[in-house]
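Peer 1: Got a predicted structure plus its sequence, pasted below:
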Amino acid sequence: MQKLLLLASHFLLIIFSSSSMAQEQQVNLLPHQEEMIQSLDEYFAVQREAVYLHLNKNLFLKGEQLGFSAYVLNKHNLQPSFSTTNLYVQIKDPEGEVVKEELLLVNKGIASGVVNIDSDFSSGNYTVTAFTNYMRNFKEQDFFSESIQVLESNIVSAENRSGVEKVDAQFLPESGHLLSGILNNVGVIVKDSLG
């Protein structure tokens, strides 16, 4: 028992002496270390924001819509940013030129919007970026950026078709039989000449 107490007291002595040495080393910082600590304190004293967009998908046909929900967060505590009211969302082509730009109202850190993929887009890759005006004050790029792809649609519109259409309609009851007097599940398949 005495050996155990002696071992524990030596262990505690080592821990207290190492922690006091560590405290002494912190006090004796070199001038460039003090400047570094001061600049880090100044850096983290200013609030930063981060933006995230939740896109409905990444692959679009012309004529579809890009829908998204936007979240503006305080970077230090990852809580919604209540100070931001405007969010810029841009879609850029591969050369970096802005094809579409939206200005959204942010309410309690949340916004949403829709962008039509219309005749302004050609087939190719685009980049969706989102940022606040406040984020432009800092060197680091905490804005949101994600790639999307736009494809040409090869579907012929109804206005361009001519002639009488043949339609194939099939009604497929569950179990193969439509029963009278009870609730039935029925699958329906309707196809035109183009499938």
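Peer 2: Ah, there it is. Numbers count the residues shown, from 1 in each chain.

Peer 1: Walk me through the domains of the protein.
Peer 2: As recorded under automatic domain parsing, the domains making up the chain are 2-45, 49-151, 163-191.

Peer 1: In terms of mean pLDDT, which of those domains ranks lowest?
Peer 2: The minimum mean pLDDT among the domains of the chain belongs to domain 2-45 (a mean of 64).

Peer 1: Show me what secondary structure element comes after the strand ranked longest in the chain.
Peer 2: Across the chain, the longest stretch assigned as strand under DSSP state E is strand 65-74. As assigned by DSSP states H and E, the chain's next helix or strand after strand 65-74 is strand 86-92.

Peer 1: returning to what we had before: rebuild the domains of the chain as JSON lines, extending it with mean neighbour count.
Peer 2: C-beta: built from backbone N, CA, C; applies to glycine. Listed next are these as JSON lines, based on neighbours: other Cβ atoms under 10 Å:
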{"stretch": "domain 2-45", "mean neighbour count": "9"}
{"stretch": "domain 49-151", "mean neighbour count": "15"}
{"stretch": "domain 163-191", "mean neighbour count": "9"}
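
Peer 1: on that earlier part again, grab the CA positions of the longest strand of the chain and hand them over as CSV.
Peer 2: Below are the C-alpha coordinates for strand 65-74, written out as CSV (Å, rounded to 0.1, in the frame of the first residue of the first chain):
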residue,chain,number,x,y,z
GLN,A,65,-35.5,24.6,-63.4
LEU,A,66,-32.6,24.7,-60.9
GLY,A,67,-34.2,24.8,-57.5
PHE,A,68,-32.2,25.4,-54.3
SER,A,69,-32.3,26.1,-50.6
ALA,A,70,-29.6,28.4,-49.2
TYR,A,71,-28.1,28.4,-45.7
VAL,A,72,-26.0,31.3,-44.4
LEU,A,73,-24.1,30.3,-41.2
ASN,A,74,-21.9,32.0,-38.7
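
Peer 1: Great, nothing more from me.
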